[in-house]
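1. no sequence on hand, only this structure:
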C-alpha cells in the first residue's frame, strides 16, 4: 500500500481520542470546576459553624475522591466513583431539603409575610421557601453538589468496568 501523505510528513504516533473520551474529560472538568466554585462559596459564607455546616465540606472531599476514582481505569475505580458520587448526591438532596425547611420555618418571621403567612396556601409557602423568597438559606448551593455528583456519574457512563480508558496510563 502506498503512503498518500506529502513527502517528509511523519506518521503521528499519537492516538486519536474518541468523542466519548473527550466528553468524559469535559464532564470531569465541569465537576472539578463545580468543586472549586462550591468551596469558594462555602468559604466566603464562612460555612463551618457547627457539625451540620461541615457536611458540605465533607461532601466536597468525597466528591474529589469520586472524581479521582472515575479516572482510574479499573472495575474498582469505576465502582468506587459511583458509590462516592451517590453519597454526595444523597448529601445534596439532604441539603436542599434542610435549607428549604429552614426557609419555610422562617416564613412567619419574614417582615413581608408575617401577617399573612398562615393564610397563604401551603404550596405557595413551600414555593417561597424553595425560591428563598423567605428565609436565609440558599437552596441552590447544595444543589450544585448534586449537579457535580451527577457529572461524575455521567463521566462513568458507557465505560464498562475494567475497560481501559483511552489516554489513561496502563496498569
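-> Right, received. Where do you want to start? Because the structure is predicted, anything quoted here is derived from the model rather than measured.

2. list the contacts of residue 114.
-> Listed by C-beta atoms under 8 Å, 6 or more residues apart in numbering, the contact partners of residue 114 are residue 108. Every residue, glycine included, has its C-beta placed from N, CA and C.

3. over to residue 139?
-> Residues 96, 99, 100, 103, 129, 130, 131, 132 are the ones in contact with residue 139 under the rule C-beta under 8 Å, 6+ apart.

4. quick one, helices of this protein?
-> Taking DSSP state H as the criterion, the chain carries its helices at 19-44, 51-70, 75-106, 122-130, 140-155.

5. comparing those, which comes out most buried?
-> For the helices of the chain, ranked by mean neighbour count under the definition mean count of other C-beta atoms under 10 Å, the leader is helix 140-155 at a mean of 21.

6. against residue 23, how distant is the residue most central in space within the chain?
-> The geometric centre of the chain, computed from its C-alpha atoms, lies nearest to residue 148 (C-alpha atoms, centre = their mean), at 1.2 Å. In this view, residue 148 and residue 23 are 16 Å apart by C-beta to C-beta, to the nearest Å.

7. so where's this structure shaky on pLDDT?
-> In the prediction, the chain carries residues with pLDDT under 70 at positions 1-15, 160-171.

8. now that we have the contacts of residue 139, can you turn them into TSV and tack on distance to residue 109?
-> Below are those laid out as TSV (distance: C-beta to C-beta, whole Å):
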residue	distance to residue 109
96	21
99	16
100	16
103	11
129	12
130	17
131	17
132	14
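
9. which one among these gets closest to residue 110?
-> Nearest to residue 110 among the contacts of residue 139: residue 103, at 9.3 Å, using C-beta to C-beta.

10. assess the claim that that closest one and residue 132 are in contact.
-> Yes: using C-beta atoms under 8 Å, residue 103 and residue 132 qualify as a contacting pair, with a distance of 6.1 Å.

11. show me what stretch 34-44 is in contact with.
-> Under the contact criterion C-beta under 8 Å, 6+ apart, stretch 34-44 has outside partners 47-48, 56-57, 60, 63-64, 67, 141, 144-145, 147-148, 151.

12. quick check: the farthest pair among these?
-> Longest distance between any two of the contacts of stretch 34-44 is 24.9 Å, between 48 and 151; criterion C-beta to C-beta.
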